[in-house]
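Peer 1: Pasted the sequence and its predicted model underneath.
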Amino acid sequence: GQQLNQSPQSMFIQEGEDVSMNCTSSSIFNTWLWYKQDPGEGPVLLIALYKAGELTSNGRLTAQFGITRKDSFLNISASIPSDVGIYFCAGRRTSGSRLTFGEGTQLTVNP
Amino acid sequence: NAGVTQTPKFQVLKTGQSMTLQCAQDMNHNSMYWYRQDPGMGLRLIYYSASEGTTDKGEVPNGYNVSRLNKREFSLRLESAAPSQTSVYFCASSGGGRVYEQYFGPGTRLTVT
């Protein structure tokens, strides 16, 4: 099936550092979404992107819809301990509302 | 608003037993989804319902059945549980003006021994 390659798989950073992660595909996507999952909880939607080149922020989080429509990026500035969790990208390819999910980036923030 | 709710939160089954996972949403969404999450594999779609009265297979439907009981409720049934179905199951819904944005429930942690 369709695949999204998310990297890195895990990150270990110090509090205050900036974080970057990305998602790539060999297929074109029309919508990109970024989710965060805390331990023992369901994923929570952070940012949704609808147009190629779109740059959207949510507090310290900024996500971009790649201009090739085959990738997306998430940046977290000035990380804090509560940023710990798994971050997932998800893409919608064509018609319908089905999403394809990446395998996630596990973020650990050391105080 | 409770959003998306799921019951039970935890369940242990023996191989061959059956059970139904329940999901309900109070956001008046048309579409609902069932995913399973396994370590290192992200979220994989089992079944979805684009609207009340319709259901379709996702990426990994074998061993599962679903029922869209009404607009609010979407259940997932395991007729004869197998150890390979040990996983965390998430229900999600989407609809309204942001139809592609899916909202997730808290999950059901299922162990099949």
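Peer 2: In hand now; what should we look at?
Peer 1: any idea how far the spatially most central residue of chain B lies from residue A:91?
Peer 2: In chain B, the C-alpha closest to the average C-alpha coordinate belongs to residue B:34, at a distance of 2.9 Å (CA atoms, centre = their mean). Residue B:34 is 19 Å from residue A:91, where distance means CB to CB, to the nearest Å. Quick note: C-beta positions are derived from backbone N, CA and C, even for glycine.
Peer 1: and if you look at residue A:69?
Peer 2: With CB to CB as the criterion, residue A:69 and residue A:91 are 9 Å apart.
Peer 1: With residue A:51 instead?
Peer 2: Computed as CB to CB, the residue A:51 to residue A:91 distance reads 14 Å.
Peer 1: Among these two, which residue is more densely surrounded?
Peer 2: Set side by side, residue A:51 and residue A:91 show more neighbours around residue A:91, with 27 against 12, by other CB atoms under 10 Å in any protein chain shown.
Peer 1: Just give me the neighbour total for the residue lying closest to residue B:5 once chain neighbours are set aside.
Peer 2: Nearest in space to residue B:5, with sequence neighbours left out and distances taken as CB to CB, 6 or more residues apart in numbering or on different chains, is residue B:24 at 5.3 Å. Residues contacting residue B:24 under the criterion other CB under 10 Å number 20.
Peer 1: wait, what's in contact with residue B:24?
Peer 2: Residue B:24 makes contact with B:4, B:5, B:72, B:73, B:74 under the criterion CB atoms under 8 Å, 6 or more residues apart in numbering or on different chains.
Peer 1: number of nearby residues for the second one?
Peer 2: Read that as residue B:5. Number of residues near residue B:5 (other CB under 10 Å) recorded here: 15.
Peer 1: so what's it scoring on pLDDT?
Peer 2: As predicted, residue B:5 sits at a pLDDT of 97.
Peer 1: Can you pull the phi and psi angles for it?
Peer 2: Backbone torsions of residue B:5, given as degrees, to the nearest 10, read phi -120, psi 150.
Peer 1: the strands in chain A, which residues?
Peer 2: Along chain A, the stretches classed as strands by DSSP state E are A:5-7, A:10-14, A:19-24, A:31-37, A:44-49, A:55-58, A:61-65, A:71-76, A:85-92, A:100-101, A:105-110.
Peer 1: Parallel or antiparallel, which strands does the longest one pair with?
Peer 2: Within its sheet, strand A:85-92 is paired with strand A:31-37 (antiparallel), strand A:100-101 (antiparallel), strand A:105-110 (antiparallel), according to DSSP bridges.
Peer 1: Make TSV from these and add mean neighbour count to it.
Peer 2: Formatted as TSV, these follow (neighbours: other CB atoms under 10 Å in any protein chain shown):
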stretch	mean neighbour count
strand A:31-37	24
strand A:100-101	22
strand A:105-110	17
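Peer 1: Would you mind giving the ones you listed as JSON lines with mean pLDDT added?
Peer 2: Listed next are the strands paired with strand A:85-92 as JSON lines, based on pLDDT from 0 to 100:
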{"stretch": "strand A:31-37", "mean pLDDT": "97"}
{"stretch": "strand A:100-101", "mean pLDDT": "93"}
{"stretch": "strand A:105-110", "mean pLDDT": "96"}
